[in-house]
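S.K.: Sequence below, structure please.
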Amino acid sequence: MFTDECTVAVEAGRGGNGSASLHSEPYKPRGGPDGGNGGRGGSVVFEVASGIHDLSWLAEHPHQRARPGGSGRSDRRDGPTAKDLVIQVPDGTIVFDDDGPVADLVGQGARVVVARGGRGGR
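M.R.: Modelled structure (predicted):
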């Protein structure tokens, strides 16, 4: 079945939590803070791909969520950044939100970020 129109709910990944860690070593009773920042959450991106001819897969999977960023760690190590969720769409796809058109994706590799990932905690 050919699907040329669908409604999709997308959610960007949340940023990871920062770490509230204190440095401790023998003979250093007040080592100070050494927690790392949280990682950035993944964004949701629509991208034109040559092998995609309709929106049937997207119509069957209407809820898309990017991964969250990782939590910070001790020893000033930042949490890992989540990968962006790239959703492949056919050439000529028009992306709308509640306020109207957002982008007209024309040409191989055309992309639009529809939900930006969260910033990691400090």
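S.K.: quick one: pLDDT of the residue nearest in space to the middle of the chain?
M.R.: In the chain, the residue lying closest to the centroid (Cα atoms, centre = their mean) is residue 42, at 1.8 Å. The model reports residue 42 with a pLDDT of 94.
S.K.: helix or strand for it, which one?
M.R.: Here residue 42, judged by DSSP states H and E, is contained in no helix and no strand.
S.K.: List the residues that contact it.
M.R.: 12-13, 66-69, 82-85, 117 (Cβ atoms under 8 Å, 6 or more residues apart in numbering). From N, CA and C alone the C-beta is placed, and that goes for glycine too.
S.K.: what about it, distance to residue 28?
M.R.: 38 Å (Cβ to Cβ, to the nearest Å).
S.K.: How far does stretch 18-27 sit from its chain's centre?
M.R.: 31 Å (Cα atoms, centre = their mean, to the nearest Å).
S.K.: And for stretch 51-69?
M.R.: So, by Cα atoms, centre = their mean, the centroid of stretch 51-69 is 13 Å from its chain's centroid.
S.K.: Now do that stretch: everything it contacts.
M.R.: For stretch 51-69, the external contacting residues (Cβ under 8 Å, 6+ apart) are 1-16, 38-44, 79-85, 87-90, 93, 115, 117-118, 120.
S.K.: So which of those residues are in helices?
M.R.: Of the contacts of stretch 51-69, none are assigned to helices by DSSP state H.
S.K.: So which of the residues you listed sit within strands?
M.R.: 9-11, 44, 85, 87-89, 93, 115 (DSSP state E).
S.K.: Same list (those) but as CSV, adding distance to residue 59.
M.R.: As requested, those are arranged in CSV below (distance: Cβ to Cβ, whole Å):
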residue, distance to residue 59
9, 12
10, 14
11, 18
44, 17
85, 17
87, 12
88, 14
89, 12
93, 13
115, 19
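S.K.: right, and residue 22 touches residue 31 too?
M.R.: Yes: Residue 22 is within contact range of residue 31, at 6.4 Å (criterion: Cβ atoms under 8 Å).
S.K.: Show the pLDDT at residue 52.
M.R.: 89.
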